[in-house]
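> This is the structure alone, sequence omitted:
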């Protein structure tokens, strides 16, 4: 079975479930049961409400990020995949296994392509509605390809991107396609940018639901794409546009002030065994575009903690420490200096306001606007700790490289154990300012002694395609 054929089956089933529960009776009466086919503009609109678009279930980036450590005996009982990811091994999956990094994203690409391809012929609806829905599909496809190329393609390096293998580009919902060629990293990025530039003019100006793509989300994504290409001057205007659009959202979008939400009577209380009572994804006011995955390492898995160097990045007044515990969810207490993350039980990695503020701060710092960079990072910090402690230290604010490093460390403080660091590690590995950095993981014994150390090799900044995918697509090039 080819890659597209395999993924198509899951999409059809998901779409059938969505239509069965959401479509009117007259739709079911004109279409044979079990063969539900999108026909009306409203049907294609419903395809974008599929929960498969939200619950992507790819969390490998958490285990590969360098802010974490592992602890025995919990690590010894972790899945083989988890252990391999933490050790940055070449082979992650068994020969018969699918890659979770591909399963749902490829199903969603099929759906996006179906919408883009078939919508012009859909019945009912206006031309403007068709343009808007197609724009959402194009921007959603862009987000998905950005994720895939950051799993399976090398970090974007202008010197080599034209020849570095990226990911196959599929633009048609065609089950007869059986030959796949990896486009170059440059071609994939150009494809993403082209989709976003086409989509943005027709996207909703106001965010009405975090599950649906809006101008605020697409502008933020385009800024992120340019920054990952090492082009902060092109990224900055899009971050500005994204945050401006988010401020004019039809739904509440704003940073949570932990000084209030974690104060007596605050909405994040009480703090239970799974951490503070953090809002669900659909109610998360910091989420502009909702993509999430379960994060069992902030729930009831004990093998991963933030390591000592990460703990030392936090000031004692940082309220984000309320999301950590010295104790395992079950079993022996952790060695001194290691902290387990407690919640949320899923992590958001679509388009988030904290990410936008820190990425814009990074752009400004790289472009020499140190005052603007300081303001953006402080905008986040004053919502995470008492205002007196949120100010960027005077010794840092006037030094470009030091301030830039402080912003990158703020990203670790904000997103520890949620996978963001892995994608930062990738792009920084080709950044002249940071490319000399070495990344390591430490495995601790229950006594606190070091039981193992693992060093990331440059070739492991990309995932290999599983053997099952290679067997199903002979001739497609794999990563080293």
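Now that the structure is in, tell me what you want to look at. Please read these numbers as outputs of a predicted model, since none were measured by experiment.
> From now on I want contacts and neighbour counts done on CA atoms only, so please keep to that.
Noted.
> residues of stretch 426-445 that come out buried?
426, 427, 428, 429, 430, 431, 440, 441, 442, 443, 444, 445 (16 or more other Cα atoms under 10 Å).
> Next: stretch 37-48.
Using 16+ other Cα under 10 Å as the test for burial, stretch 37-48 gives 37, 38, 40, 41, 42, 43, 44, 45, 46, 47, 48.
> Have a look at the residues you listed and tell me the least confident one.
Lowest pLDDT of the buried residues of stretch 37-48: residue 37, 76.
> Check the secondary structure at that one for me.
Following DSSP: H, G, I helix; E, B strand; the rest coil, residue 37 is assigned to coil.
> quick one: it and residue 171, what's the gap?
For residue 37, the distance to residue 171 (Cα to Cα, to the nearest Å) stands at 20 Å.
> returning to that earlier point: just the ones of the buried residues of stretch 426-445 in strands?
Among these, the members found in strands (DSSP state E) are 440, 441, 442, 443, 444.
> possible to save those as a markdown table with distance to residue 246 and pLDDT?
What follows is these, written out as a markdown table (distance: Cα to Cα, whole Å; pLDDT from 0 to 100):
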| residue | distance to residue 246 | pLDDT |
| --- | --- | --- |
| 440 | 37 | 98 |
| 441 | 37 | 98 |
| 442 | 40 | 98 |
| 443 | 41 | 98 |
| 444 | 43 | 97 |
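> mind giving me a markdown table with these and columns for distance to residue 123?
Formatted as a markdown table, those follow (distance: Cα to Cα, whole Å):
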| residue | distance to residue 123 |
| --- | --- |
| 440 | 56 |
| 441 | 55 |
| 442 | 58 |
| 443 | 59 |
| 444 | 61 |
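> Looking at these, spot the one nearest residue 333.
Residue 333 has its nearest neighbour among these in residue 444, at 12.5 Å by Cα to Cα.
> circling back to that earlier point, now render the buried residues of stretch 37-48 as CSV, adding secondary structure and distance to residue 332.
Putting these into CSV (DSSP: H, G, I helix; E, B strand; the rest coil; distance: Cα to Cα, whole Å) gives the following:
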residue, secondary structure, distance to residue 332
37, coil, 54
38, coil, 54
40, strand, 58
41, helix, 56
42, helix, 54
43, helix, 53
44, helix, 52
45, helix, 50
46, helix, 48
47, helix, 47
48, coil, 45
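> Could you export these as JSON lines, including distance to residue 184?
Shown next, in JSON lines, are the buried residues of stretch 37-48 (distance: Cα to Cα, whole Å):
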{"residue": "37", "distance to residue 184": "34"}
{"residue": "38", "distance to residue 184": "33"}
{"residue": "40", "distance to residue 184": "36"}
{"residue": "41", "distance to residue 184": "34"}
{"residue": "42", "distance to residue 184": "36"}
{"residue": "43", "distance to residue 184": "34"}
{"residue": "44", "distance to residue 184": "31"}
{"residue": "45", "distance to residue 184": "32"}
{"residue": "46", "distance to residue 184": "33"}
{"residue": "47", "distance to residue 184": "30"}
{"residue": "48", "distance to residue 184": "28"}
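> Identify the farthest-apart pair in the residues you listed.
37 and 48 (14.6 Å).
> all strands for the stretch 1-150 of the chain, in order.
Secondary structure of the stretch 1-150 of the chain (DSSP state E, counting those that start in this stretch): strands at 68-71.
> So in this protein, where's the weakest helix or strand by average pLDDT?
When each helix and strand of the chain is scored by mean pLDDT, DSSP states H and E, helix 25-30 comes last, with a mean of 29.
> just for the protein, where's the confidence low?
1-36, 175-178 (pLDDT under 70).
> Name the residue closest to the centre of it, please.
For the chain, the residue sitting closest to the mean C-alpha position, by Cα atoms, centre = their mean, is residue 349 at 3.1 Å.
> I'd assumed residue 290 was in contact with that one.
Yes: taking contacts as Cα atoms under 8 Å, residue 349 lies within contact range of residue 290: 7.4 Å.
> before we move on, the earlier item: excluding chain neighbours, what is closest to the residue nearest to the centre of the chain?
Once flanking residues are discounted, residue 349 sits nearest to residue 291: 5.6 Å by Cα to Cα, 6 or more residues apart in numbering.
> count of neighbours near that neighbour?
24 (other Cα atoms under 10 Å).
> same question, residue 126
Residue 126 has 11 nearby residues by other Cα under 10 Å.
> what do you get for residue 158?
Residue 158 has 12 neighbouring residues, counting by other Cα under 10 Å.
> Please list all residues in contact with it.
Taking Cα atoms under 8 Å, 6 or more residues apart in numbering, we find residue 158 in contact with residue 229.
> helix/strand/coil for it?
coil.
> In three-state terms, label residue 315 for me.
coil.
> and the longest helix for the chain?
Using DSSP state H to define each element, the chain has its longest helix at helix 127-152.
> Residue 304: what's it in contact with?
By Cα under 8 Å, 6+ apart, residue 304 lies in contact with 63, 68, 69, 70, 71, 75, 297, 340.
> my bad, should have said residue 236
Counted by Cα under 8 Å, 6+ apart, residue 236 has contacts 223, 360, 363, 364.
> CSV for these, including secondary structure and distance to residue 254?
As requested, the contacts of residue 236 are arranged in CSV below (three-state DSSP; distance: Cα to Cα, whole Å):
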residue, secondary structure, distance to residue 254
223, helix, 19
360, helix, 16
363, helix, 21
364, helix, 21
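> Please spell out the PyMOL selection for the buried subset of those residues.
In PyMOL, a selection of the buried entries from the contacts of residue 236 looks like this (16+ other Cα under 10 Å):
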select buried, resi 223+360+363+364
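> can you tell me which two in the contacts of residue 236 are farthest apart?
The most widely separated members of the contacts of residue 236, counting by Cα to Cα, are 223 and 364 (12.5 Å).
> re earlier: I'd say the residue nearest to residue 349 and residue 55 touch.
Yes: under the criterion of Cα under 8 Å, residue 291 makes contact with residue 55 at 6.3 Å.
> Return the distance of residue 88 relative to residue 277.
33 Å.
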